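>>> Any chance you could fold what I've pasted below:
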Amino acid sequence: MRRLFRISPSRFPRFSIRLGDLLLDYSKNRITPDTMRLLYALVRAADVEGWIGRMFAGERINTTENRPALHVALRSRAADPILVDGHDVMPGVTAALARMRGCAAAVREGRWLGHGGRPINAVVNLGIGGSDLGPRMVTDALAPYAHKTLRVRYVSNVDGADLTTALADLEPATTLFIVASKSFTTQETMTNAASARAWLLATLRDEAAMARHFLAVSADGDAVRRFGIPAENVFPIWDWVGGRYSLWSAIGLPIMMAIGPEHFDRLLDGAHVMDRHFREAPLADNMPVTLALLGIWYVNFFGMRAHAVLPYDHGLRHLPAYLQQAEMESNGKAVRRDGAPVGCATAPIVFGEAGTSGQHAFYQLLHQGTEIVPADFIAPAESAYAMGDHHEILLANFLAQGEALMVGKTAAEARAELVAAGLSGVALAALLPHKVFPGNRPSRSSFRA
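Residues are numbered from 1 along each chain as shown. Below is the predicted model:
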């Protein structure tokens, strides 16, 4: 890649994509224009554009469950209908959002009172997988916009320590639970919900308290009512919403309670902009398509079996876990749609950590290890937390890591540094191999200006 940058000064503009205030720089990858031309040809050969159209049209592209994958309807800001079996789902989506706004506003403004007449000051979401990872990630990412006194917490683990810790400093009279489970049978979630119910009623001692302290997001209203949550406290989720893509649905109710309906609407706006880009942008200018192709390129053509997601933003520290599910549950398959074995690698192992913490944990392997791990670096241009030169130092690390992975350090460069440090002879020769970085390790940088 050193050579590619040297012979092509226009490499950065050629291999970068802008969308609004987002910049994707994928110039530090083992690619040439011919590489990308062939990869985009692969997209066309696989009829990806046709499958994108079928997804947006509400066709049953989830063949194993015989249903659409229509999460784009949840965040649609257009007036156009979106049909499933000839039925427009948008009125239902709009009605659910209106109910969410009303409920969230009542809680945030102190109008939703607990059983004893006191305002709610804590919301605890009980879910797992997509009912936990997405809302938890977004709530943390948008913490600068959060309500100043309302506490929003997440419990997913069936280990009793998770629920016990979450409830340790809360009062039943001022706590609201959201049970998020499409089927309302998920073992971990329902075990935690039963324990939360017992915790509440042990103090309030009245089954009627459930109406003021429990909400549910589920597709099975009967199961919810048997649990003791009244119908008016149930928010819908449709079978065409996959769990790992559900944070824009009523599964996002705790997000809305944390940041408010107006900011949740802005979250939907941003998702809709990316949905339109994904559907309408030419392949060579399409961020999701390009990123997907680079993943296929490395896992199949180079045998690079892992992928690192490295957000240089503390609020995005849960993003790697969220993307683990999105990538590894979506693509973690060994058979094709027709049941035949897959003849290629379908996905890498996704992992990551927020920078700069990860630099002191596993970056040694990224820079000098025997495994080559493509990486995505993600950062905002500005921080919501002004504190001295912290953000400047963070961004300096963000920029330096991608460059160092690509450039590495040659033996001659390492030797010059050691000589400058006063080493020579046998000591220099012994240390020199340990100071060489091979470089030529791919990464992408995503930047919000």
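
>>> Run through the strands of the chain in chain order.
Under the criterion DSSP state E, strands of the chain are mapped to 16-19, 22-25, 83-84, 87-88, 122-126, 151-155, 175-180, 214-217, 234-235, 306-311, 349-352, 375-380, 443-448.

>>> I'd like the mean pLDDT over the fifth one, please.
The one in question is strand 122-126. Mean pLDDT, strand 122-126: 98.

>>> which outside residues touch it?
By C-beta atoms under 8 Å, 6 or more residues apart in numbering, the residues outside strand 122-126 that reach it are 107, 131-132, 135-136, 150-156, 166-167, 170-171, 174-180, 189, 192-193, 196, 254, 257-258. Every C-beta, even on glycine, is put in place using the N, C-alpha and C of the backbone.

>>> Alpha carbons of it, in PDB - could you do that?
This file holds the C-alpha atoms of strand 122-126, laid out as PDB (Å, rounded to 0.1, in the frame of the first residue of the first chain):
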ATOM      1  CA  ALA A 122     -36.000   4.900  36.600                       C
ATOM      2  CA  VAL A 123     -36.700   2.700  33.500                       C
ATOM      3  CA  VAL A 124     -35.300  -0.800  33.400                       C
ATOM      4  CA  ASN A 125     -35.400  -2.600  30.000                       C
ATOM      5  CA  LEU A 126     -35.500  -6.400  30.200                       C
END
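
>>> Report the inter-axis angle for it versus strand 151-155.
Angle of strand 122-126 versus strand 151-155, following axes from the mean of the first three to the mean of the last three C-alpha atoms, to 10 degrees, is 20 degrees.

>>> What's the ChimeraX line that selects buried ones from the contacts of strand 122-126?
To isolate the buried members of those in ChimeraX, using 16 or more other C-beta atoms under 10 Å:
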select :107,131,132,135,136,150,151,152,153,154,155,156,166,167,170,174,175,176,177,178,179,180,189,192,193,196,254,257,258
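
>>> burial of the closest residue to residue 53 other than its chain neighbours, as a residue count?
Among residues not flanking residue 53 along the chain, residue 279 sits closest, at 7.8 Å (C-beta to C-beta, 6 or more residues apart in numbering). Close neighbours of residue 279, defined as other C-beta atoms under 10 Å, add up to 15.

>>> tell me the contacts of residue 279?
Applying C-beta under 8 Å, 6+ apart, the residues contacting residue 279 are 52-53, 56.

>>> next one: residue 236
92, 96, 217-219, 250.

>>> Could I get those in CSV, plus columns for pLDDT and neighbour count?
Output for those, formatted as CSV (pLDDT from 0 to 100; neighbours: other C-beta atoms under 10 Å):
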residue, pLDDT, neighbour count
92, 96, 13
96, 97, 19
217, 98, 27
218, 97, 25
219, 94, 16
250, 97, 26
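
>>> Taking those together, which two end up most distant?
Between any two of the contacts of residue 236, the greatest separation by C-beta to C-beta is 14.9 Å, found for 92 and 218.

>>> tell me the pLDDT at the closest residue to residue 359 other than its chain neighbours?
Closest residue to residue 359 apart from its sequence neighbours, by C-beta to C-beta, 6+ apart: residue 397 at 6.7 Å. With respect to pLDDT, residue 397 scores 97.

>>> Quick one: neighbours of residue 397, just the number.
Residue 397 has 15 neighbours, counted by other C-beta under 10 Å.

>>> May I have the residues that are in contact with it?
Counting by C-beta under 8 Å, 6+ apart, residue 397 touches 312, 355-356, 359.

>>> From these, list just the buried residues.
Listed as buried from these are 312, 355-356, 359; burial here means 16+ other C-beta under 10 Å.

>>> you'd agree residue 187 is up against residue 156?
No - applying C-beta atoms under 8 Å as the test, residue 187 and residue 156 come out as separate, 11.9 Å apart.

>>> What does the pLDDT read for the residue nearest to residue 53?
Note for residue 279: predicted pLDDT of 97.

>>> can you tell me how far it sits from residue 286?
9 Å (C-beta to C-beta, to the nearest Å).

>>> Kindly report the same for residue 114.
According to C-beta to C-beta, residue 114 stands 49 Å off from residue 286.

>>> What of residue 269?
Plainly put, residue 269 is 20 Å away from residue 286 if you go by C-beta to C-beta.

>>> Comparing those two, which shows the higher neighbour count?
Shown here are residue 269 and residue 286; by other C-beta under 10 Å, residue 286 has more neighbours (23 against 11).
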